[in-house]
Each structure stands twice: as C-alpha cells, then as structure tokens.
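[1] Task: produce atomic coordinates for the following.
(3 chains)
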Amino acid sequence: MPGWAEVLVGPVDAVAPRLLGGLLTHGGVTVRLTEVEAYDGADDPASHAYRGITARNAVMFGPPGRLYVYFSYGMHWCANVVCGPDGRASAVLLRAGEVVAGERVARERRGGRSGADLARGPANLTQALGIQRHQDGLDLTGHLELSATPVPEAAVATGPRVGVSVAHDVPWRFWLRDDPTVSAYRRSPRAPRD
DNA sequence: CTGGGGATTGCCT
DNA sequence: GGCAATCCCCAGC
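    Here you go, the predicted structure:
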C-alpha cells in the first residue's frame, strides 16, 4: 500500500500543510504544490460536504488519496486531494503550484501564459495539469509524491481561505512563504465585513 | 421543475 | 476595484 496515504489521515488542517512541496503529475505536467486550502467535511460550513453526500461530492466521502474534481462558475475545474479517514469527507483544495516538468504542454493548455502564471490559482493549476470531470475519483497513487521530510514549519504561512463566503475567520489556507506562484488573496464578495 | 448562487478568472476602467 | 462569463448543483416549491 502506498505509504503517502497515511499522511492524508488526520486533522485536515494538519494534513494540508504536509502537501506543500509535494509533486503532482498528470497529463504530462508535474507541479510542485505551493498553496493549498483545507476543508473539514461535515463540520465545515464552507465545505462542499457540509450538507451531506451528493452526486457531486461523493468522492469526498470515500477513501483518502483520491482526487475530488468539481466544476466552478460555469467554466472552471478545480481539484482537491481527498483526506481521511474514510467517511470523514475532508479534502484539500490545490490552489497553486510551480510547474517543474512539462512546461511546454502546460503553456499550451494555459493559452500561452508562462512562468508563475501557469499554475497560479486553483482553476489554473487544474487546467495546466489537464484535469477535468473525468478525473473525479482518480487514485493518486503514482501521481502524487510527497517528500519524506515536510517543508520547515517556518516556511509555511497561513491565512483565511480565498473566496469562501462563510467561516472566513478560519485560517486554513497554507502556502510557501514568499513563493512567487502563490495566488493573490481575494476575499469573497459575499463574505461579511469585519 | 425552477431559480439563485458559487472553493474563479481575466479583462475592463 | 468592478464585473461578466457560463452552467452545474441543489434547495425548495
């Protein structure tokens, strides 16, 4: 059994930062993850799993180490890594990464954009990797490679999640401090004012 | 069956 | 900073 799946079991806010620096490969492109966001299943009002299992979020309720893919704003696909334990319905949204292999393919998918813009933002990262609806539920064995030694805690920054209109006070966005590929923070237009 | 809204992005002023 | 694009999801009737 893949040892890395063990890393995905635990409190999702502890699991999420462990993905930073990990390598995700799909469609001929490899991305080094630089920014992620944690969603805590049924307990998290911002999670797609908050209102229980549906056809869309069913993968979240399954075993860890699989890809949860959803369609957003009528045009974008976004990807999560499902975390455990089985039935917990926690997931980590992949928000940004650095393309470290397959840059030529990634650039074609991203309409000529390059450099830090290739996989900056969850929909951009997903597009660069060529992930769409068909990859919902994909077993990440052989796709996701986590480093044996996590990045130093001091290199990880935390902050509020991007775009969510509820539970905006929960600092469950994690990114590599000072990394140029990290997406710009955008508060949800529907989030309550302070 | 229907309608409001969304874990976004990129182009506009 | 504002906002349109675009369609699937799901809560509610």
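
[2] Spell out which parts of chain A neighbour DNA strand B.
    By the rule Cβ under 7 Å from any atom of the strand, the part of chain A lying against DNA strand B is A:37, A:39, A:46-49, A:60, A:68, A:70-76, A:78, A:80, A:91, A:93, A:110, A:113, A:117, A:121-125, A:161-165, A:183, A:186, A:188-190. In this view, the C-beta of every residue, glycine as well, is placed from N, C-alpha and C.

[3] Tell me which of those fall in helices.
    The members of these that map onto helices under DSSP state H are A:122-125.

[4] out of these, who has the most neighbours?
    With neighbours taken as other Cβ atoms under 10 Å, the top of these is residue A:125, carrying 32 neighbours.

[5] residue boundaries of the strands in chain A?
    Defined through DSSP state E, the strands belonging to chain A, from first to last, are A:23-26, A:29-40, A:67-72, A:76-83, A:90-101, A:144-145, A:156-159, A:173-176.

[6] pLDDT below threshold where in chain A?
    Of all residues in chain A, those with pLDDT under 70 make up the ranges A:1-3, A:193-194.

[7] Look up how far residue A:166 lies from the residue of chain A at minimum distance from DNA strand C.
    Closest contact between chain A and DNA strand C, by Cβ to the nearest atom of the strand, is at residue A:74 (2.3 Å). Between residue A:74 and residue A:166 the computed distance is 21 Å (Cβ to Cβ, to the nearest Å).

[8] Chain neighbours aside, what residue packs nearest to residue A:138?
    What sits nearest to residue A:138 in space, not counting adjacent residues and going by Cβ to Cβ, 6 or more residues apart in numbering, is residue A:67, at 4.2 Å.

[9] no wait, residue A:192
    Ranked by Cβ to Cβ, 6+ apart and with sequence neighbours excluded, the top spatial neighbour of residue A:192 is residue A:168, at 7.4 Å.

[10] try residue A:4
    Closest residue in space to residue A:4, ignoring its immediate chain neighbours: residue A:146 at 4.8 Å, by Cβ to Cβ, 6+ apart.

[11] where's residue A:51 relative to DNA strand B, distance?
    To DNA strand B, residue A:51 is 11 Å away according to Cβ to the nearest atom of the strand, to the nearest Å.

[12] Just give the number of residues close to that residue.
    10.

[13] quick one: it from residue A:163, how far?
    For residue A:51, the distance to residue A:163 - Cβ to Cβ - is 18 Å.

[14] Please identify the residues of chain A in proximity to DNA strand C?
    For chain A, the residues in contact with DNA strand C under the definition Cβ under 7 Å from any atom of the strand are A:48, A:51, A:54-57, A:71, A:73-75.

[15] could you redo the last one with a cut-off of 10 Å?
    Proximity of chain A to DNA strand C is assessed by Cβ under 10 Å from any atom of the strand, with A:48-58, A:60, A:70-76, A:123, A:133, A:136, A:184-187, A:189 identified as the residues in range.

[16] Appreciated, that's everything.
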